[in-house]
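Q: Starting from these lines, generate the structure:
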Amino acid sequence: MKTVIITGGYGQLGVACKEHLKKSFNVIITGKNIFEQDVKLDITDRKDIAKAYSDFKPDVVLNLAAMTNVDECERDKIAANKINIEGVKNLCKNFSGHFIQLSTDYVFDGLSGPYNELDEVNPISHYGKTKLEAENWLKNNYSNATILRANVIYSYTKRTKASFVKWVVDSLKNNKEINVVNDQWNNPTWTESISFIINKVIDNSIIGLYNYGDKDFMSRYDFAILISKIFNLDENLINPINTSNLNQIAERPLKSGLKTEKIESRLGIVPNSVENCLRKIHDNLSK
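A: Below you'll find the model as predicted:
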């Protein structure tokens, strides 16, 4: 049985990956900030990495650890580089197994999406630049790597913090008005969908660059409206705004999203519809 180390394993995707992968693999969940019984692994600390590799001898490393706050990456570019670029290099040092890197649609400028794997990259934020540099380093220096680009990953669990769905549902349940941008387009992706893909990638030892997103391309505002309908909440509490109204530090790609034909063909899969994913989340919460 293969041993898989998951870095950044306590986020929403890490939790979903653990549940999927533990059925077929020996899964070691790690994180920078942990409880006593858990495995500490800070990807900027080579000693942490060396100890984890010595203790568990992984066949696969799934790197979910990253600095993902886009504005914070713009504010602190040194920290972003250290985590998102140097952290990848640290994990690959003294490791020759299957390395899986989670990347992002932010490697594109968002002028003409959705994008396939051959489209020209042109990140417009420092976050996007760090993720692209990590991609390029892996392509040039690590032959046994899978780069999996994703976008707008969401879930709804007790441990979920950085989830658009949870924010919308919790806000509307509390009768709180929210402002949601209507000019950012993506294909939102459930953690269960992408963890299923990651399981397939490991099981079939698939190497290379792939996109994955669920089936439907929609604006963030339309996504929020769909969430409100499926959870039977008041859509009138959702106000459409433009991204420019937010005055964010980092620029966001607007017309983005990821085309998935390559991975569909490789794995023989059909992406889930966003509506079906949301209904499953709603039904699970209702049990």
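Q: CA only for contacts and neighbour counts going forward, please
A: Fine.
Q: Now do the helices in the stretch 101-250 of the chain.
A: For the stretch 101-250 of the chain, the helices defined by DSSP state H, counting those that start in this stretch cover 126-141, 164-173, 191-203, 220-230.
Q: how about these, which one is nearest Val70?
A: Nearest to Val70 among these is helix 126-141 (5.6 Å), distances taken as C-alpha to C-alpha.
Q: What residues of the closest one count as buried?
A: Applying a neighbour-count criterion of 16 or more other C-alpha atoms under 10 Å, one finds His126, Tyr127, Gly128, Lys129, Thr130, Lys131, Leu132, Glu133, Ala134, Glu135, Leu138, Lys139 buried in helix 126-141.
Q: which helices and strands does that helix pack with?
A: helix 70-75, helix 77-81, strand 98-104, strand 145-150 (3 or more C-alpha pairs under 8 Å, 6 or more residues apart in numbering; DSSP states H and E).
Q: Just want the angle from that helix to strand 145-150.
A: Interaxial angle, helix 126-141 versus strand 145-150 (axes from the mean of the first three to the mean of the last three C-alpha atoms, to 10 degrees): 150 degrees.
Q: For Thr3, the count of nearby residues, please.
A: Residues near Thr3, counting by other C-alpha atoms under 10 Å, number 18.
Q: you'd agree it is up against Asp55?
A: No. Taking contacts as C-alpha atoms under 8 Å, Thr3 lies outside contact range of Asp55: 11.3 Å.
Q: Residues contacting stretch 204-214, please?
A: By C-alpha atoms under 8 Å, 6 or more residues apart in numbering, the residues outside stretch 204-214 that reach it are 98, 116-117, 144-151, 187-190, 193-194, 201, 257-260, 262-263, 271-274.
Q: end to end, how far does it reach?
A: Distance between the boundary residues of stretch 204-214 (C-alpha to C-alpha, to the nearest Å) amounts to 21 Å.
Q: what's near enough to touch the closest residue in space to Glu120 that isn't next to it in sequence?
A: In space, and not counting its chain neighbours, Glu120 is closest to Phe108: 7.4 Å by C-alpha to C-alpha, 6 or more residues apart in numbering. Shown in contact with Phe108 (C-alpha under 8 Å, 6+ apart): Tyr115, Glu120, Val121, Asn122, Pro123, Ile124, Gly128, Pro253, Ser256.
Q: swap in Pro188?
A: Asn151, Val152, Ile153, Tyr154, Gly213, Asp214, Asp216, Phe217, Met218, Val274.
Q: hmm, back to that, torsion angles phi and psi at the residue nearest to Glu120?
A: Dihedral angles of Phe108 (phi, psi; degrees, to the nearest 10) stand at phi -110, psi 160.
Q: can you tell me how far it sits from Trp185?
A: Note on Phe108: its distance to Trp185, by C-alpha to C-alpha, is 13 Å.
Q: Spell out which residues are contacts of both of these two.
A: Both Phe108 and Trp185 are contacted by Ser256, under the criterion C-alpha under 8 Å, 6+ apart.
Q: now the contacts of Pro188 as JSON lines including distance to Gly14?
A: Shown next, in JSON lines, are the contacts of Pro188 (distance: C-alpha to C-alpha, whole Å):
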{"residue": "Asn151", "distance to Gly14": "15"}
{"residue": "Val152", "distance to Gly14": "15"}
{"residue": "Ile153", "distance to Gly14": "11"}
{"residue": "Tyr154", "distance to Gly14": "12"}
{"residue": "Gly213", "distance to Gly14": "17"}
{"residue": "Asp214", "distance to Gly14": "18"}
{"residue": "Asp216", "distance to Gly14": "23"}
{"residue": "Phe217", "distance to Gly14": "24"}
{"residue": "Met218", "distance to Gly14": "25"}
{"residue": "Val274", "distance to Gly14": "20"}
